[in-house]
Every structure is written in structure tokens, then in C-alpha cells.
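Novice: prediction below, plus the sequence it came from.
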Amino acid sequence: MPKQRLSFLAGAALALALPFLWVHAEDAPTGKASRHSCPEPLLGVWRTELPAGDLLAVDLSITETSPGSFEARVAGSDGADRGIAVSQHGELLRFQSAKYPVAFEGKLSPDGRALEGFVYSGSAVAHTRLPLVDAGGERQWARTWSLLGVPAESFPFDLYVGREDDGNTYGYFFFRDQRLPSLYGYGMACDGDGIVVGEKNLNLWFEGRFDAEADVLDLTVTGLGGAVPVQFHRLQEEQVPESPWDTDVAPRPAADAGYGEHAPPRLDDGWDTATPSAEGIDPAIIGDLVDAIVSQEMAKAVSSTPQITTMTREART
């Protein structure tokens, strides 16, 4: 199996998340569990439906308890973290949950009808908007937030189990949906029929047993929103995708792709934003480049690149 493991986010995004980083225990399991002791019948490709709604989503809310004072709440499938202190730094509101690996930083929109900012969870950083909601007289901003960013309750989720050259057992995970992030397995450890395996990018932890008689993996997976049971079934040889990266769902139809000129929202981070045309860059060239990538006319994309480079230099001067 190829050993390339793709990162979920760029290093810059990870750097932004460091002040809020919450890390699941990444150490190999202790006790008798070993990466060398996984039984041979466990090797193969396994599939389950990952319950993303319960596992990877939480409800976020910030309530103004008195003028200028706020508290936050984070709720998942196994309970809620209430009364979280919200610190204020100028216009910025910040909080971090002790129960869930979630932190938020943002500020009120000028009309007060939304909180705009970022959610941090492990290595993930995502822009989000909490709209003002009816909370019985108190001002409250709330929404359900998911690590996946795709509205669905479950997704096909594959686990490849095999041997490394040194005899260790690996466990690699794959979604069959290109809209979803790449995944990174910690490896796998076994103790008899007991199994422990982790996934880093979504901060998932699987623990349970291999039922050799039924040929299933009965595991409990713990994630952002709580812990839920899942059962993996073995894929037969004819069911295994030709490549681990083969997908059932494309990112989106090519007809829906295209370039629209928009200035990024201006944040309180010292960076000014503007549209390309406002800075002297012809947006039609960028549109041609996007169209060339979508249609896979790479010769057209390459021929447009020098023009973009030239116009960018001119804008800087």
C-alpha cells in the first residue's frame, strides 16, 4: 500500500490553531496490546457507515448574560459543557471547552445579528458564522458545527488493515467522498481479539473487538461529539476499490465550478482585503485559469500563468 498520507489542512492553518490545540492521546495503547500481535484473519479491507451527525458535530452557542458579559455552551451526543467562560480582547470573544476539543474566536457583526469567526478543533481551523437566535429575551448566537462541513448524517468509511515491512500492523482510513478530508491512521494494536486504532485528522479513537466467527469488527468510536458504536464488515475482493483513493462521490459537478470575483471578508488580523480587479489584476485571466483546471485543458492554464505573474508584480508596485 502507498504510504503517502495527506494533511487535512495547510501548515499555516495549523499554526493558527496552536493556541487552541486540543490533542487526543496519540500514544500506542499500554498493557499487553501490541502492533505485532494482531491476528492474521484481521488483515483486509473493512467498511462501515460512519455516523457523522452524532460523532463529528456539536452545537455551539454564546449568550449575553448581562450587558457586555457572555458565556458559552458546547453540546454533543453525550452531553453538554455549560457555563463556559468567554474572554474578551477588544472586539474579540474567545472560549474553549473543557469537555469537547473545540475553541472559538470571533466578533459581532456591526448590526449584532451574527458572530463571525473561527472554530478550532485539533488541527482543524474553519471559518464559521453563529447567527442571532430567539433565546427567550436574552441575546444568543448559535449553530450546529461539524468537522466535515458537509450536511449528511453518515458516510461510507473504509479501514485498510495490513502489515508493515517490520511486522507492525497498520490501519489506514479512507472516505469514499472527495468532499471530505484526507485521513491519517495512527496504526493498530491488538490484545487477543481486542483492537485499538486511531485517526489523527478528525481526532477519532476506535476501540473494541474482532469477532472472528461473525467476521465483523465491533468497535466504539470516540470523536468530537461523543462516543458511538459502529460495526465494520469485511469487503470481498471484488468489492475492494481498485485504489484506496477511489471515490463514490465527486467534489461537485464540473458545470457548477467557476470563478466569481469576491473580496475575502476583512478580519481583525492586520490584513487588508480587496478584489483582484481593485488591485489591478484582470479577473478574466483568473477565470480562464479556473476554467482550464476544471476542463483539464492544462495547456491553456500554463499559458495564462505568466500573465497572472506579471499582473501580480504590477499590482505590488
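Specialist: Arrived safely, thanks for sending. Here the structure is a predicted model, which means the values were calculated and not measured.

Novice: so what are the domain limits for this protein?
Specialist: 25-54+151-239, 57-146, 254-316 (automatic domain parsing).

Novice: need the ones you listed in JSON lines (columns: mean neighbour count, distance to Asp248 and mean pLDDT).
Specialist: For glycine as for every other residue, the C-beta is placed from the backbone atoms N, C-alpha and C. Formatted as JSON lines, those follow (neighbours: other CB atoms under 10 Å; distance: least, CB to CB, whole Å; pLDDT from 0 to 100):
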{"stretch": "domain 25-54+151-239", "mean neighbour count": "17", "distance to Asp248": "4", "mean pLDDT": "86"}
{"stretch": "domain 57-146", "mean neighbour count": "17", "distance to Asp248": "20", "mean pLDDT": "92"}
{"stretch": "domain 254-316", "mean neighbour count": "13", "distance to Asp248": "17", "mean pLDDT": "69"}
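
Novice: among those domains, which is nearest Asp246?
Specialist: Ranking the domains of the chain by proximity to Asp246 (CB to CB) places domain 25-54+151-239 first, at 7.4 Å.

Novice: chain center to the closest one, what's the gap?
Specialist: For domain 25-54+151-239, the separation from the chain centroid amounts to 18 Å (computed by CA atoms, centre = their mean, to the nearest Å).

Novice: one step back: would you turn the domains of the chain into TSV with distance to Asp246?
Specialist: Putting those into TSV (distance: least, CB to CB, whole Å) gives the following:
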stretch	distance to Asp246
domain 25-54+151-239	7
domain 57-146	24
domain 254-316	18
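
Novice: closest one to Trp245 among these?
Specialist: domain 25-54+151-239 (6.9 Å).

Novice: can you give me the strands for the stretch 201-317 of the chain?
Specialist: Under the criterion DSSP state E, counting those that start in this stretch, strands of the stretch 201-317 of the chain are mapped to 204-211, 216-223, 226-234.

Novice: which other helices and strands does the last one contact?
Specialist: I take that to be strand 226-234. strand 44-50, helix 52-55, strand 216-223 (3 or more CB pairs under 8 Å, 6 or more residues apart in numbering; DSSP states H and E).

Novice: got the CA positions of that strand in CSV?
Specialist: Output of strand 226-234 as CSV, limited to C-alpha atoms (Å, rounded to 0.1, in the frame of the first residue of the first chain):
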residue,chain,number,x,y,z
GLY,A,226,-19.1,11.9,21.8
ALA,A,227,-18.9,8.1,21.6
VAL,A,228,-21.0,5.8,19.3
PRO,A,229,-20.9,2.1,18.4
VAL,A,230,-20.0,1.1,14.8
GLN,A,231,-19.7,-2.3,13.1
PHE,A,232,-17.2,-2.8,10.3
HIS,A,233,-17.9,-5.6,7.7
ARG,A,234,-15.2,-7.1,5.5
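
Novice: lovely, talk soon.
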